[in-house]
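> model the following, please.
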Amino acid sequence: MQKKSKQDLGQLGENLAAKFLVSNGYKLLCRNFRIKQGEIDLIVEKDQQLIFVEVKTRSYHSMQSAIANVSYRKQAHISRVAQVYCKQNPQFDKYNTRFDVIIVFYNAREDSCSIKHLVDAFLPVLEEGS
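Okay, here's the model as predicted:
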């Protein structure tokens, strides 16, 4: 079995995470929303909630390592990007917001994946004056 590149693995994880969310009743609004301050992997909507999703894909099964990669600094970047998205999309003004993390574990030996969805994984990191 050919080893997947880091980029291919990341793309696989995002695709699986998007399918997982849609199959669980979420509406996919945007993939890879990017501004100079950072990027949000997936933005979805469900039940009057606007959800910003960080996807982490790992070829080894370490939940602790995957969660550690969503550092405080990464959370701050995601929070800033989310603020910009909300300002650019006023149709979501009345929605509650939430920050989720989806971890996709890829098993190369079996060429299979498992998904762990951490709902409301972190609170927005807002800077003074924001």
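> below-threshold pLDDT in this protein: ranges please.
Where the chain drops to pLDDT under 70, the residues are 1-3, 61, 127-130.
> of all residues in it, which one is nearest the centre?
The residue lying closest to the centre of the chain (Cα atoms, centre = their mean) is Glu54, at 1.9 Å.
> does it touch Ile67 like I think?
No. With contacts counted by Cβ atoms under 8 Å, Glu54 stays clear of Ile67, the gap being 10.4 Å. Where you see a C-beta, it was placed from the backbone N, CA and C, and this is true even at glycine.
> now the helices for this protein?
Using DSSP state H, the helices of the chain run over 6-23, 63-68, 72-88.
> contacts for the first one?
Contacts made with helix 6-23 from outside it, assessed by Cβ atoms under 8 Å, 6 or more residues apart in numbering, are listed as 4, 28, 31-32, 41-42, 44, 53, 55-57, 59, 102, 104, 106, 113, 115, 117.
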